[in-house]
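Chemist: Any chance you could fold what I've pasted below:
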Amino acid sequence: MQTQAGDPGAFAHFDLSRVDSPAFVVDSAKIRHNLEILEDIKKRSGVKILSAMKAFSMWELAPLIGQTLDGCCTSGLWEARLAKEKYSGEISTYCAAFKEADLVEIIEISDHIIFNTPMQYQRYKHILPDSVDVGLRINPLHSEGEVEKYDPCQPHSRLGFPIDQLRPEYLEGMDGLHFHTLCEHGFAPLERTWNIIESKLDIDYNILKWINFGGGHHITRDDYDRDALVKFLIEVQSKTGCQIYLEPGEAIALDAGILVGEILDIFDNGMKVGITDISATCHMPDVIEAPYRPAMLHESDNNDIIRLGGQSCLAGDIIGDYRLPAPLNGKTNIGQRIAFLDQAHYSMVKTNTFNGVPLPSIWLWDSESDALKCVRQFAWSEFRNRLS
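Modeler: As a prediction, this is how the structure comes out:
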């Protein structure tokens with residue numbers, strides 16, 4: 001999978017020795033910049049924008065996000081609790097399948113509850129109060145994803161009700177429709193997807209209050225056609241009479257964070273191999289799951305290639321092959337700091353303590369004022385307390 005980000009921005013001038021290792025460093029100035037772009041989209045189009053907590057849940061920045069966006073979209077009870085406790089605005093909760101015990105509390109927390117199938121809605125509608133909007137996630141059966149396992153419209157997908165099975169009676173009692181089919185995409189895939197949905201969706205839009213276009217929109221990327229997006233959103237709202245929602249996650253934190261680590265050992269096994277205190281398995285799981293190769297800060301075009309991996313015992317804990325910023329000279333590289341770009345979203349929320357590998361600390365840096373503070377450091381008890 002080819003990542004669509006990796007601009008170092010202000011991190012090009014950040015001294016990696018200012019933080020411990022490993023560590024996530026998030027630039028609040030870049031977050032503000034991304035939020036300004038999203039605010040402009042809101043003002044010009046009239047849509048509402050929710051922050052996708054599954055991608056970026058650094059609640060230290062919740063007040064900043066709340067100043068601009070309309071709330072959060074969550075993926076279950078625990079995310080909904082976090083949104084209620086730390087964030088402001090609306091809460092929209094979708095889950096592939098709700099447990100009834102969880103749903104009872106989710107109802108108290110959420111403004112919108114989105115079901116994956118009409119059957120789940122029918123099963124639980126007797127406990128839904130009138131104060132909660134209800135929506136249905138649909139699967140347009142139109143793929144735009146680069147990697148099948150990350151594509152919500154892959155064959156036999158579990159995400160969303162197939163649009164070709166949608167009948168008018170399934171929408172009785174529904175306030176909105178939801179679809180989410182994109183991943184790091186520009187504007188054109190959204191437009192194509194909506195055209196497919198519109199051609200297959202034989203309904204009276206007057207029965208709906210809102211349509212949620214989900215996430216995966218790389219709106220804050222420099223090459224995103226934001227003027228075309230605004231024009232499109234205005235047209236869809238005018239035609240349907242529905243409030244349109246967007247749920248960006250990556251777009252909020254795009255190019256806003258790095259993962260800092262250091263090289264612990266180097267040896268030769270047919271090529272140079274470097275062990276780092278950054279683990280793909282524990283700190284950047286998408287490197288293995290997608291898979292993809294994260295961009296390295298100040299990677300050289302000229303130095304020798306080294307294969308970097310983590311401390312864990314998993315054979316596949318490999319980050320990738322790189323040319324270090326400094327020449328590859330064995331002992332002189334031990335202790336060298338490195339950083340991988342665009343790690344604020346998804347990496348932070350997916351970290352784990354497999355093999356007892358320590359979690360990275362979390363730092364907040366303002367590249368405009370140069371203020372730097374440690375938001376969180378993790379003790380070994382984080383590992384112990386997950387077990388029994």
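Chemist: Might one say that residue 81 is in contact with residue 106?
Modeler: No. With contact defined as C-beta atoms under 8 Å, residue 81 does not reach residue 106; the gap is 9.1 Å. All C-beta spots, glycine's among them, are computed from the backbone N, C-alpha and C.
Chemist: So between these two, which is more surrounded?
Modeler: residue 106 (22 against 15; other C-beta atoms under 10 Å).
Chemist: residue contacts, the more buried one?
Modeler: 76-77, 80, 93, 98, 113 (C-beta atoms under 8 Å, 6 or more residues apart in numbering).
Chemist: for the residues you listed, which one is nearest residue 305?
Modeler: residue 76 (41.9 Å; C-beta to C-beta).
Chemist: residues contacting that closest one?
Modeler: Residue 76 touches 93, 95, 102, 106, counting by C-beta under 8 Å, 6+ apart.
Chemist: Just name the closest of the contacts of residue 106 to residue 388, please.
Modeler: residue 77 (21.5 Å).
Chemist: Next, find the distance separating the residue nearest to the closest one when sequence neighbours are not counted from residue 80.
Modeler: Excluding the flanking residues, the one nearest residue 77 by C-beta to C-beta, 6 or more residues apart in numbering is residue 102, at 4.3 Å. Using C-beta to C-beta, to the nearest Å, residue 102 is found at 9 Å from residue 80.
Chemist: ok, now residue 369?
Modeler: From residue 369 to residue 80 the distance is 34 Å (C-beta to C-beta).
Chemist: How is residue 265 assigned, secondary-structure-wise?
Modeler: Here residue 265 takes the strand state, with states given by DSSP: H, G, I helix; E, B strand; the rest coil.
Chemist: pretty sure residue 302 contacts residue 323?
Modeler: Yes. Contact criterion C-beta under 8 Å: residue 302 and residue 323 qualify, at 7.0 Å.
Chemist: quick one: contacts for the most centrally placed residue in the chain?
Modeler: The centroid of the chain falls nearest to residue 55 when counting by C-alpha atoms, centre = their mean (2.3 Å). Residues near residue 55 by C-beta under 8 Å, 6+ apart: 215, 249-250, 252-253, 345-346, 349.
Chemist: separation between residue 331 and residue 267?
Modeler: 11 Å.
Chemist: again, but for residue 135
Modeler: In terms of C-beta to C-beta, residue 135 sits 55 Å off from residue 267.
Chemist: neighbour count winner among those two?
Modeler: residue 135 (24 against 9).
Chemist: can you pull out the helices in the protein?
Modeler: 28-45, 62-66, 77-86, 100-109, 118-124, 187-200, 226-240, 250-253, 280-283, 286-289, 347-350, 381-384 (DSSP state H).
Chemist: ok, and the most crowded of the contacts of residue 76?
Modeler: Neighbour tally across these (other C-beta under 10 Å): the maximum, 26 neighbours, falls on residue 93.
Chemist: Who does it form a beta bridge with?
Modeler: Beta-bridge pairing of residue 93 under DSSP bridges involves residue 74, residue 113.
Chemist: now it: how far from residue 183?
Modeler: Distance from residue 93 to residue 183, by C-beta to C-beta: 21 Å.
Chemist: now do residue 174
Modeler: Counting by C-beta to C-beta, the gap from residue 174 to residue 183 is 26 Å.
Chemist: Then residue 57?
Modeler: 18 Å.
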